[in-house]
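Undergrad: how would this look folded up:
(chains A and B)
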Protein chains: 2
Amino acid sequence: MQVYPAKQHFVKVAKNLGVSSGIIFVRGAETIIHPDSDTEYEFHQDSNFYYLSGVREPGFAAAYDIATGAAILFVHHVSADEAVWIGVPPSLEDYRRAHGFDEAHYTHDIESVLSQKKPSVIFVLPHQQVDQLGSSLTPLVDTEKLLEPLHEARVFKDEYEIAIMRRANQISGDAHVKLMKTTQLGMNEAEVRGHFVGFTLGQGCMYEAYGSIAACGRNAAILHYTKNNQQLDSQEEMILVDAGATYENYASDITRTWPIGPKFTPECRAIYQIVLDMQKQVIAACAPHKQWEDMHILSNRVAAQGLLDLGILKGDIDGIMENYVVGYFMPHGIGHLIGIDTHDVGGYPKGVQRIDKPGLRNLRSRREMLPNMVFTVEPGLYFVDDILKEAQQNPKVAQFIDFDKVAEYRKVGGVRIEDNIVITEDGNYNLTTCPREIADLEAIRSVAYQ
Amino acid sequence: MQVYPAKQHFVKVAKNLGVSSGIIFVRGAETIIHPDSDTEYEFHQDSNFYYLSGVREPGFAAAYDIATGAAILFVHHVSADEAVWIGVPPSLEDYRRAHGFDEAHYTHDIESVLSQKKPSVIFVLPHQQVDQLGSSLTPLVDTEKLLEPLHEARVFKDEYEIAIMRRANQISGDAHVKLMKTTQLGMNEAEVRGHFVGFTLGQGCMYEAYGSIAACGRNAAILHYTKNNQQLDSQEEMILVDAGATYENYASDITRTWPIGPKFTPECRAIYQIVLDMQKQVIAACAPHKQWEDMHILSNRVAAQGLLDLGILKGDIDGIMENYVVGYFMPHGIGHLIGIDTHDVGGYPKGVQRIDKPGLRNLRSRREMLPNMVFTVEPGLYFVDDILKEAQQNPKVAQFIDFDKVAEYRKVGGVRIEDNIVITEDGNYNLTTCPREIADLEAIRSVAYQ
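TA: Numbers count the residues shown, from 1 in each chain, chains lettered A, B, ... in the order given. Below you'll find the predicted structure:
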């Protein structure tokens, strides 16, 4: 792999900032210790800092001199005593070259190094401490202007980033296939999650990109299910696995739902097929200059027709859409930007508000799709008792729902299918390659029971 | 499993505090979010709070009225909106019963509930925020007296805690055996760690108790090796795996070192045998009323004799001991208290200082062993270039070392063997059951190559 394009990212951010001088200064994360103990939280690099440095270690910083175009890395100094325990660290020059910077210094020299650049202003992130700039530079700090240009830069992925995200997807997708092959009646959800984590760590991933969900049966109707501790005890049920690993600081976010038995039951199959149709139609529609919220609405329209065909919904499809009835079966949004963060920055550009309607209000992005954005497409349908009760109490919504039919499908719990796609000049392509077709899943599942 | 003995722990702490009235108030940890993102750090409960509550969820608090003996749990309130996403929470009464408290209320009622107890003083931990006590109770706060009595209570484990620690050890030990069986030439250290994490999560563990170390060959000489990303590329080398999982909030901490090939090389075997002797002799010596630092010194004496026999050390054993020469081969301490925290609290009682001598200065505990303390016993021998250079530059130490012999053994890297033991009335017993004898390891390893 070539060098992480940290400097190119600084250039992009500076261009977005639209100024011709000044210094951009960002700090990396520090190790966090649990209170009253010496146990460290697992280290996660600050996302904005990673974007501008490619550094995964704690205690670093970086700067960019906009006028001269010099990218400057500030390295955490390791004492000789520390080196005995952690090994001999790379030199400043090693770090400079490995990360593609023009200069490298130690963090204890931040004030003196940046002072020599005689900056008129230092752009910093609003949530970052600036004590390292010292008394001479702190008065020059601007905390207002940097965040948005930096977020906007992160929204558009370059080739390097997409290659990494492809790898994150490949490993996580392989893990899903491994799970599909090994899921057995009597296993615990914890084992399913454990296998995912073990496999992806073994393939060089850093950690789960988010708390994995392994939810069998009705647990899939708990949208933020985190317990992952129940036994898979019915071949009539499915398991929903929402799990993606982080590779070289880039997230993947994949959901698959498969039968615990060798085949889908008729009810599970019917709901699964609708969700699959929702996903396929949305992915087919994703292209530059379309609005993301229209993808959400499209997914709802596909679902409305599917649920009408099953008899779960009734009446007029336009009435169903106008009353956001599908929002009671898919309370979350159709997807979100993904990158260094799983729910990546930039979903709502300045001034854009959420639409306060069922389902839509939880949509994590509203903007025009443009080339090199990476989105998750994750339609789902769920039978959540509390939400359906709400629907029942709202006559405008309840008129479109056959609650007896709902009762027949309640046991399905929920289905979600989630892929990660890259918007291109003329459409999109899919980074997620693991199977989702009913026939493919049943073929894999039948092997699991041989 | 029965109810976590939270109230009994409060009783123990109150007894240690030695007062007849006042309220003990402790807060649980909150969820931490990565800056400028919505990604949560994996939740870890505050250790002191877990000890006094048995609660694993964020946002709780607990109190104990010393005069009346009432244990009061404060539950994080889940709104109806939240419940839609995370599922219907247990009731106050469910929580009260599940955790063995006398009363349960929501955290928003902390001030009013505690006010009614008319406390004269509220004992809190120095690192905890007290805003929940409100303006009426904050003036009553004492931040000085609670920490030490609480730490001292945690030092002595009860039956419930030991049963949990036994389970943590059993699962983690089983994982080590699984790794011993599957380690193959060409694997990556990341796969070894991945298998450990995957297996232990699958068996219901919460997370790694600390950052696992999977270090092959010379990497074992990097004491805080965290990269875990190199390929196992020689059957002449060993792999050192220091990995323990946390089960129900209690840590385990196990190290095993085994040959990557089917058998130990003569050099590896020789060093391994010395470390095994160190561990066995120390464990045989662990008993009430002995001093922990004497166990460190004993381990050094066994090592001195073993290294003399190999010709790595030379001269007089008393001179070797007086000059702490073994400290240059085992720079860390012989072990530490373990419990909710891996390096558990209470290692140095008030007023006890570290001994500033090679090896000994890194000993994490100096106190009299007493029944129901749980210690790790983790002797090791390493060939760390930087430390050996230091030894060479110190004539008092260098006179006892044959550096040509050292050069022959440098490739061994390092060996550590670590078990977790419980001090009893008349000695101790070992919670760690996975194999450590050379014959057992070679038997397992030969199967791996069949």
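Undergrad: mind telling me which residue of the stretch 201-350 of chain A is nearest chain B?
TA: Per C-beta to the nearest C-beta, A:Gly202 is where the stretch 201-350 of chain A lies closest to chain B, at 3.1 Å. To be clear about C-beta, it is placed using only N, CA and C from the backbone, and glycine gets the same treatment.
Undergrad: so how many other residues sit close to the residue of the stretch 351-450 of chain A found nearest chain B?
TA: Residue of the stretch 351-450 of chain A nearest chain B, by C-beta to the nearest C-beta: A:Asp386 (5.1 Å). By the measure other C-beta atoms under 10 Å in any protein chain shown, the count of residues near A:Asp386 is 14.
Undergrad: what's the answer for A:His108, then?
TA: Counted with other C-beta under 10 Å, A:His108 comes out at 12.
Undergrad: tell me the contacts of it?
TA: When contacts are counted by C-beta atoms under 8 Å, 6 or more residues apart in numbering or on different chains, A:His108 touches A:His77.
Undergrad: and A:Val282, what is it in contact with?
TA: Neighbouring residues of A:Val282 by C-beta under 8 Å, 6+ apart: A:295, A:298-299, A:302, A:334, A:377, A:379.
Undergrad: B:Met330: which of those is nearest?
TA: A:Val377 (55.4 Å; C-beta to C-beta).
Undergrad: what are the phi and psi values for the closest one?
TA: Taking degrees, to the nearest 10, you get phi -120, psi 110 for the backbone angles of A:Val377.
Undergrad: pLDDT wise, what is the closest residue to A:Gln353 other than its chain neighbours at?
TA: Leaving aside its chain neighbours, A:Gln353 sits nearest to A:Arg366 (8.0 Å; criterion: C-beta to C-beta, 6 or more residues apart in numbering or on different chains). The per-residue pLDDT reported for A:Arg366 equals 97.
Undergrad: tell me, how many residues neighbour A:Arg366?
TA: By the measure other C-beta under 10 Å, the count of residues near A:Arg366 is 19.
Undergrad: OK, contacts around the residue of the stretch 201-350 of chain A closest to chain B?
TA: Counting by C-beta under 8 Å, 6+ apart, A:Gly202 has contacts B:188, B:190-191, B:193-195, B:198.
Undergrad: nearest to A:Gly54 among those?
TA: B:Ala190 (19.5 Å).
Undergrad: ok but A:Thr246 is inside a strand, no?
TA: Yes. Assessed with DSSP: H, G, I helix; E, B strand; the rest coil, A:Thr246 lies in a strand.
Undergrad: that older thread, the contacts of A:Val282 in strands, which ones?
TA: Secondary structure from DSSP state E places A:Val377 of these in strands.
Undergrad: now for the contacts of A:Val282: which two are most distant?
TA: Spatial extent of those (C-beta to C-beta) is set by the pair A:Val302 and A:Val377 at 12.1 Å.
Undergrad: so which of these two has more stuff around it?
TA: More neighbours surround A:Val377 than the other of A:Val302 and A:Val377, with 24 against 21 (other C-beta under 10 Å).
Undergrad: bridged to that one, which residues?
TA: A:Asp419 (DSSP bridges).
Undergrad: the residue nearest to A:Leu150 when sequence neighbours are not counted: neighbour count?
TA: Leaving out its chain neighbours, the residue that sits closest to A:Leu150 by C-beta to C-beta, 6+ apart is A:Val13, at 5.1 Å. A count of nearby residues for A:Val13, using other C-beta under 10 Å, gives 24.
Undergrad: tell me which element the residue of the stretch 351-450 of chain A closest to chain B falls in.
TA: Assigned by DSSP states H and E, A:Asp386 belongs to helix A:385-392.
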